[in-house]
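**Q** Sequence and predicted structure below; questions after.
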Amino acid sequence: MKTSRYLFFAAVLICLFSACETVTVTTDYDRAAHFGKYKTYALTPPNRGQTMSPASEAALSDAVRAELNSRGLTEAPARTADLDIVRQVFVQQKTSVQQWTDWGYRHHGGWPYGYGYGYYGMWPGAPTSYVDVQQYDEGTLILDFVDARTKKLVFRGVGKAVVGGPDSNAGKIREAVSKIVAGYPGAVAH
């Protein structure tokens, strides 16, 4: 009985942590910017943030190119582009604390609720509390769309997810870029 209870709680924790596996994205933009004038972009190296693995960097570049091309923007040399796309990446260690109580509602010698009277302290069959502490790395991807002529930020997208292995990171990067670019207000018809 206790083994099945532990398996149940382990399954609940796995479900809770797997819910953390999705990418969350927020976007914001300059309401005064005229997004229709932006037709070209250049991927500009970051001036701050952390470096990424070559595989993650390639996944990011490929995803940005594919998503922006699908929105009608074309890549151009840095000196002639309308927008500079600047990425910043940060990884921060986080802690997750999960607590649950096993009230153990089961039959004990005639008392149907699993607890009864005892001497001092807790009674026989009293609830047991469990705590699970997990440390994980959370990655943040920031994509800034900067007007290349005025050097003014016109759009920003921020994606956050739990950092995993190379394959899962590449998938999360692609998902983050897709969600960020979906929030970009300047759609150009093909």
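**A** All right, it came through fine.
**Q** Show the contacting residues for the most centrally placed residue in the chain.
**A** The residue lying closest to the centre of the chain (CA atoms, centre = their mean) is Ala161, at 2.2 Å. Applying CB atoms under 8 Å, 6 or more residues apart in numbering, we find Ala161 in contact with Glu21, Thr22, Val23, Thr24, Glu138, Gly139, Lys172, Glu175, Ala176. Bear in mind the C-beta positions are built from the backbone N, C-alpha and C, glycine included.
**Q** Likewise for Tyr184?
**A** Residues near Tyr184 by CB under 8 Å, 6+ apart: Thr27, Tyr29, Phe35, Arg71, Phe145, Phe155, Gly157.
**Q** Confirm it sits in a helix?
**A** No: assessed with DSSP: H, G, I helix; E, B strand; the rest coil, Tyr184 is coil; it does not lie in a helix.
**Q** Just the pLDDT at it, thanks.
**A** For Tyr184, the pLDDT comes out at 95.
**Q** Phi, psi for Ala58 please.
**A** With angles defined as degrees, to the nearest 10, Ala58 sits at phi -70, psi -40.
**Q** follow-up on the earlier one: so which of the contacts of Tyr184 would you say is closest to Leu43?
**A** Nearest to Leu43 out of these is Phe145 (CB to CB; 11.3 Å).
**Q** And the residue nearest to that closest one when sequence neighbours are not counted, which helix or strand is it part of?
**A** Take Phe145 and drop its neighbours on the chain: the residue closest to it by CB to CB, 6 or more residues apart in numbering is Phe155, 3.9 Å away. Using DSSP states H and E, Phe155 maps to strand 153-162.
**Q** Now do that strand: distance to the chain's middle.
**A** Distance, stretch centre to chain centre, for strand 153-162: 10 Å (CA atoms, centre = their mean, to the nearest Å).
**Q** low pLDDT regions in this protein?
**A** For the chain, the stretches flagged by pLDDT under 70 are 1-21, 49, 102-127, 187-190.
**Q** re earlier: pull the number of nearby residues for the residue nearest to Phe145.
**A** Residues contacting Phe155 under the criterion other CB atoms under 10 Å number 24.
**Q** ok, it touching Thr26?
**A** No: Phe155 is beyond contact range of Thr26, at 11.9 Å (criterion: CB atoms under 8 Å).
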